[in-house]
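S.K.: with the input below, show me the fold.
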Amino acid sequence: MDIRDMRYFYAIVEEGNISKASKKLNIAQPALSRQMKQLEDNLGVQLFERGSRRIRLTEAGQLLRERVEQILGLVDGTMKEMTGFNSGLGGTISLGTVTTSGATLLPNLISKFHSLYPNVTFQLWEGDGFRILELLDNGIIEIGIIRAPFDSEIYESITLPDEPLVIVMKQDECYCGEDPETVRLIELVNQPLIVPLRWKAMFIEWCSNAGFKPKIVCISDGIMLNILWTKLGIGMALVPKSTKELISDPALTYKTIVEPAVSTQTVIVWVRNRRLSASSKHFLDLLRDMARMV
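M.R.: The predicted structure is shown next:
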């Protein structure tokens, strides 16, 4: 198995079927199918479940996907490092971000960086915090934008200012909290709550300190999905305040949590003691400057 085989295999996994992958790779579909059959024969395992319009990986295929992602990440990362080794005026910066932080932080940041280094391009990955850290660990990305907490022994970081946490609820069911703008933590007693996994332990501790056990109906790190669940009336979602800037919906009400006020932090992380490309170092320098100005 060589790098070409890995890229072919990974393109199929990314695109979901051989037809789309063949167009992306600019090779004939029958030739790509033969290449994958030959790869399976060489490895002595079945990688794909046949008979479905969308590719499904076998257990062996799942394992190969993980390994190929790591290997290609290392290969591509090395190429990026070599491209921008001297000046950092070119190459590609690979970033991973959680949805809300990336949507609010990156547009302005990338715009400023692009004005300084117009020849640097970006490759962006989006997912929950655990997925972003996985991509970092595997060398697929150099920099991750996540929400606290994280393991400071593994990752170096730049921490941005605190951001309040809010409860979002349906407008026609706005019965939680007497104030139209805020909700006291104790007022969440017996309310159905949708809480991100990342904050579950902290949130339960906050509620315990306030004298009650929260009624959590769903644990999910998908902020957009949690908002959808809220609109369906399943529960009230705990989200960062910046979510309101992304999803302004007349059917929803956002209330800041008070007594006590609770908050989260956006954190820019990279793997400790791992060499960064020159472009990524410049990007982090700009981030530090912007953080100091806030």
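
S.K.: which residue sits closest to residue 192, ignoring its sequence neighbours?
M.R.: Leaving out its chain neighbours, the residue that sits closest to residue 192 by CB to CB, 6 or more residues apart in numbering is residue 235, at 3.7 Å. Backbone N, C-alpha and C define where each C-beta goes, glycine included.

S.K.: isn't there a helix covering residue 167?
M.R.: No - read with DSSP: H, G, I helix; E, B strand; the rest coil, residue 167 is strand and lies in no helix.

S.K.: looking at this, residue 10 is in a helix?
M.R.: Yes - read with three-state DSSP, residue 10 is one of the residues of a helix.

S.K.: what sits against the residue nearest to residue 192?
M.R.: Shown in contact with residue 235 (CB atoms under 8 Å, 6 or more residues apart in numbering): 191-194, 217-218, 229.

S.K.: quick one, which of those are buried?
M.R.: Buried by 16 or more other CB atoms under 10 Å: 191-194, 229, out of the contacts of residue 235.

S.K.: now, which of the residues you listed lie within helices?
M.R.: Within these, residues falling in helices by DSSP state H are residue 229.

S.K.: out of the contacts of residue 235, which is nearest to residue 179?
M.R.: Residue 179 lies nearest to residue 191 out of these, by CB to CB, at 15.3 Å.

S.K.: and that closest one, how far from residue 283?
M.R.: Going from residue 191 to residue 283 by CB to CB, to the nearest Å gives 41 Å.

S.K.: show me where this structure has helices.
M.R.: Along the chain, counting by DSSP H, helices occupy 3-15, 18-25, 29-43, 59-83, 99-116, 129-137, 200-210, 223-231, 243-246, 278-293.

S.K.: flag the shaky bits of the stretch 1-150 of the chain, pLDDT-wise.
M.R.: Scanning the stretch 1-150 of the chain for pLDDT under 70 picks out the ranges 51-53, 77, 80-90.

S.K.: show me the contacts for the residue lying closest to residue 74 once chain neighbours are set aside.
M.R.: Closest residue to residue 74 in three dimensions, ignoring its sequence neighbours and counting by CB to CB, 6+ apart: residue 139, at 4.9 Å. Neighbouring residues of residue 139 by CB under 8 Å, 6+ apart: 70, 73-74, 77, 274.

S.K.: at 10 Å instead, please
M.R.: 69-78, 94, 271, 274 (CB atoms under 10 Å, 6 or more residues apart in numbering).

S.K.: state the distance from it to residue 253.
M.R.: Counting by CB to CB, the gap from residue 139 to residue 253 is 43 Å.

S.K.: what does residue 193 give?
M.R.: Remark: distance between residue 193 and residue 253 (CB to CB) = 15 Å.

S.K.: and what of residue 100?
M.R.: Per CB to CB, residue 100 is found 18 Å from residue 253.

S.K.: possible to save the buried ones among the contacts of residue 235 as CSV with pLDDT and distance to residue 152?
M.R.: Listed next are these as CSV, based on pLDDT from 0 to 100; distance: CB to CB, whole Å:
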residue, pLDDT, distance to residue 152
191, 93, 33
192, 94, 34
193, 96, 28
194, 95, 28
229, 91, 32
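
S.K.: now, the buried ones among the contacts of residue 235 that are in strands?
M.R.: Counted as lying in strands by DSSP state E, out of those, are 192-194.

S.K.: quick one: which of those residues is nearest to residue 24?
M.R.: Distances from residue 24 to those, taken as CB to CB, are shortest for residue 194 (36.5 Å).

S.K.: contacting residues for the closest one?
M.R.: 167-168, 216-220, 222-223, 225-230, 234-239.

S.K.: are any of these buried, and if so which?
M.R.: Buried residues within these, counting neighbours by 16+ other CB under 10 Å: 167-168, 216, 222-223, 226-227, 229-230, 235-239.

S.K.: of all the residues you listed, which comes closest to residue 60?
M.R.: Using CB to CB, residue 222 comes nearest to residue 60 of the buried ones among the contacts of residue 194, at 28.7 Å.

S.K.: residue contacts, the closest one?
M.R.: 98-99, 127-128, 194, 196-197, 228-229.

S.K.: can you redo those as a markdown table with distance to residue 54?
M.R.: Below are these laid out as a markdown table (distance: CB to CB, whole Å):
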| residue | distance to residue 54 |
| --- | --- |
| 98 | 26 |
| 99 | 24 |
| 127 | 20 |
| 128 | 23 |
| 194 | 29 |
| 196 | 29 |
| 197 | 27 |
| 228 | 23 |
| 229 | 26 |
